[in-house]
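Visitor: Sequence first, predicted coordinates after that:
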Amino acid sequence: MQIDASTVLLSGIFVKLLLGTLFLVFWLSDRRSPWFGWWSGTYFFAAVAASILLLRGFGGSLSAVGAGVAALIVTLGFCWQGARSFHRLRPSWLPVLAAVAPWMALSLLPGFLDNLYYRVVASSVLLAAMAALSGFEFWRGREERLLSRWPVIVLFGTLSLFFASRLLFIDILPFPLGARPIQSEAVAAFNMIVFFHALVLTVLFVAITKERLEREQRNHAQTDPLTGALNRRALMYRGGRMLTRHQYENAPLCLLFLDLDHFKALNDRFGHSGGDDVLTKFVAVVHDSIRPTDFLFRLGGEEFCCLLPHTSTDQAQTVAERIRQQVENAAANVAGAAVKVTVSLGLASTETFGYDLDALMRRADMAVYAAKRRGRNQLAIATADNTAAPIPIAAGSGEAVPV
């Protein structure tokens, strides 16, 4: 069955205009997602490129192929700007201009547009490069773990390879798949391949945006708005999963309870805003004292909890003492005055209490109270012996305290 190239082009124009309008509505309804605006421009320019070729044909004229391919390059340029916007990068038009300007300059050369071979070589290189730029933006933003990211990268990669493959088949296939004399079936096939990528990318663009929004909402629900530390809900969710994994691996994990000393007196003196400044400074100091793989949680008020994965009791004691010293040496700026605080810490380990989050929290909490009873600004390590009295310890010595 013969494929009508004009019908394929006309259908593609209609769908691209529809998708462009849809993305424009997405952008207007949520200005926090400017990438939808760029991707709207992608589809509108794609419709312009297809309209030029439908109305003017594929003859070697500046108003036909010259303008049509230029519009297609700008189409991929808008797509790249959308990818940059999605990753919160500023627009960069220099590479787009660097692709359009050479094409227009070549199109003005006598005989260039009449030569299918030259046209295919130049347009293939420029279009493949522009498609690859979008794929590269999604690839280098891979630290944001979104499952839809990888299909997007694959689609841009295959689109780039499709344009580049025209160079391999330049002497074999008819234009626009190669540089042999033009055939209607080849025109239809070319546009169907491009249209397929555009349609699938549309679905993926919406999916990856939805995935990011859900991730941000989940993170927001698990983050303390004042300090930026994780909250109790996050501790229950992440702590449970972490302990299950550590139990499967038979790996040690330690839980630190941290309680700022005399925080109520500080609040009474400086007010809640002063207390907030101290808490914010405290969280910053703790984050600087732990590893990127450790997790700090605010449980409420001046109480915090820290999970130390793959950490033995001895290693956790070193971390706790480092936190204690850094907090003692730091100062928060409250109403122009330098305010210093200290912290009492309680440590419980899976080596002693097993892989039960509630048990670890309860034991570490009891150890904190033991540390406060012994004079504050020190670490108490919970042991399994509940009958002995707390052992007096020097500040920061980190001796075991049965609790």
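Guide: Yep, that arrived. Numbers count the residues shown, from 1 in each chain.

Visitor: mind showing which ranges of the stretch 251-400 of the chain have poor pLDDT?
Guide: Where the stretch 251-400 of the chain drops to pLDDT under 70, the residues are 386-400.

Visitor: all helices in it, in order from the N-terminus.
Guide: For the stretch 251-400 of the chain, the helices defined by DSSP state H, counting those that start in this stretch occupy 263-289, 313-329, 350-353, 357-373.

Visitor: Can you tell me which of those helices is packed in deepest?
Guide: helix 357-373 (a mean of 21; mean count of other C-beta atoms under 10 Å). Bear in mind the C-beta positions are built from the backbone N, C-alpha and C, glycine included.

Visitor: Would you reformat the helices of the stretch 251-400 of the chain as CSV and include distance to Q247?
Guide: Formatted as CSV, those follow (distance: least, C-beta to C-beta, whole Å):
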stretch, distance to Q247
helix 263-289, 26
helix 313-329, 17
helix 350-353, 8
helix 357-373, 11
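
Visitor: Just give me how far stretch 195-205 sits from the chain centre.
Guide: Offset of stretch 195-205 from its chain centre (C-alpha atoms, centre = their mean, to the nearest Å): 21 Å.

Visitor: Actually, stretch 295-306.
Guide: 25 Å.

Visitor: So for R88, which of the helices of the stretch 251-400 of the chain sits nearest?
Guide: Nearest of these to R88, taken as C-beta to C-beta: helix 263-289 at 22.2 Å.

Visitor: Isn't V48 up against A70?
Guide: No. Counting by C-beta atoms under 8 Å, A70 is not a contact partner of V48; they are 9.9 Å apart.

Visitor: can you map out the strands along the stretch 101-250 of the chain?
Guide: Counting by DSSP state E, counting those that start in this stretch, the stretch 101-250 of the chain has strands at residues 230-231.

Visitor: Out of the helices of the stretch 251-400 of the chain, which is closest to F26?
Guide: Short answer: helix 263-289, nearest of the helices of the stretch 251-400 of the chain by C-beta to C-beta, at 35.9 Å.

Visitor: angle of that closest one against helix 313-329?
Guide: If you take axes from the mean of the first three to the mean of the last three C-alpha atoms, to 10 degrees, helix 263-289 sits at 120 degrees to helix 313-329.

Visitor: Please identify which of V48 and A70 sits among more neighbours.
Guide: Using other C-beta atoms under 10 Å, the more surrounded residue of V48 and A70 is A70, with 23 against 20.

Visitor: residues in contact with the helix or strand hosting the more buried one?
Guide: Assigned by DSSP states H and E, A70 belongs to helix 67-86. Helix 67-86 has contacts (C-beta atoms under 8 Å, 6 or more residues apart in numbering) with 34-39, 41-42, 45-46, 48-49, 52-53, 56, 90-93, 95-96, 99-100, 103-104, 107, 119, 123, 126-127, 130-131, 133-134, 137-138, 141, 205, 208-209.

Visitor: can you give me the offset of that helix from its chain's centre?
Guide: Computed by C-alpha atoms, centre = their mean, the separation of helix 67-86 from the middle of its chain amounts to 23 Å.

Visitor: What of stretch 134-146?
Guide: Worked out by C-alpha atoms, centre = their mean, stretch 134-146 lies 8 Å from the chain centre.

Visitor: ditto for stretch 46-60
Guide: Distance, centroid of stretch 46-60 to centroid of chain: 38 Å (C-alpha atoms, centre = their mean).

Visitor: Could you list the domains of the protein?
Guide: 5-221, 230-402 (automatic domain parsing).

Visitor: Show me the helices in the stretch 51-200 of the chain, by range?
Guide: Using DSSP H, counting those that start in this stretch, the helices of the stretch 51-200 of the chain run over 67-86, 94-107, 116-140, 149-165, 184-221.

Visitor: What residues of the fourth one count as buried?
Guide: The one in question is helix 149-165. 149, 151-153, 155-160, 162-165 (16 or more other C-beta atoms under 10 Å).

Visitor: and that helix, what does it pack onto?
Guide: Here helix 149-165 is seen to pack against helix 116-140, helix 184-221 when contacts are counted using 3 or more C-beta pairs under 8 Å, 6 or more residues apart in numbering; DSSP states H and E.

Visitor: Of the contacts of helix 67-86, just the buried ones, ChimeraX syntax please.
Guide: Selecting only the buried entries of those in ChimeraX, with 16+ other C-beta under 10 Å as the criterion:
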select :34,35,36,37,38,39,41,42,45,46,48,49,52,53,56,96,99,100,103,107,119,123,126,127,130,131,133,134,137,138,141,205,208,209
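
Visitor: Enumerate every residue touching N333.
Guide: N333 neighbours (C-beta under 8 Å, 6+ apart): D277, K281, V339.

Visitor: any idea how far it lies from P174?
Guide: Distance, N333 to P174, by C-beta to C-beta, to the nearest Å: 73 Å.

Visitor: Next: P309.
Guide: 60 Å.

Visitor: go on, A189?
Guide: For A189, the distance to P174 - C-beta to C-beta - is 10 Å.

Visitor: cool, and L147?
Guide: Distance of L147 to P174, given as C-beta to C-beta: 39 Å.

Visitor: Can you pick out the residue with more neighbours from these two?
Guide: Per other C-beta under 10 Å, whichever of L147 and P174 has more neighbours is P174, with 19 against 9.
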